[in-house]
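Peer 1: can't give you the sequence, but here's the structure:
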């Protein structure tokens, strides 16, 4: 089983999780996708800030 990898669209900044690199952004459909798996620090990256 493949683990999830994280990707960001360089156009609209949508973050996607998938086992393989998507061919295009799920939101804007642009093909400028970058893997960001190695840049993630913790789960807090994906949570809302607490005020």
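Peer 2: Here it is on my side, so go on. Just so it is clear, the model here is predicted, and its values are computed rather than measured.

Peer 1: contacts and neighbour counts: CA atoms only from here.
Peer 2: OK.

Peer 1: so residue 26 sits in a helix?
Peer 2: No: under DSSP: H, G, I helix; E, B strand; the rest coil, residue 26 sits outside any helix and is assigned coil.

Peer 1: that one: neighbouring residues, count only.
Peer 2: Residues near residue 26, counting by other CA atoms under 10 Å, number 13.

Peer 1: which residues are in contact with it?
Peer 2: 14, 16 (CA atoms under 8 Å, 6 or more residues apart in numbering).

Peer 1: ok, it to residue 8 distance?
Peer 2: Noted for residue 26: a distance of 10 Å to residue 8, by CA to CA, to the nearest Å.

Peer 1: common neighbours of those two, please.
Peer 2: Both residue 26 and residue 8 are contacted by 14, 16, under the criterion CA under 8 Å, 6+ apart.

Peer 1: what helix or strand is residue 6 on?
Peer 2: In this assignment (DSSP states H and E), residue 6 forms part of strand 5-9.

Peer 1: count the residues that sit near residue 16.
Peer 2: What residue 16 shows, counting by other CA under 10 Å, is a neighbour count of 19.

Peer 1: and residue 29, by the same measure?
Peer 2: What residue 29 shows, counting by other CA under 10 Å, is a neighbour count of 13.

Peer 1: which SS state does it fall under?
Peer 2: Following three-state DSSP, residue 29 is assigned to coil.
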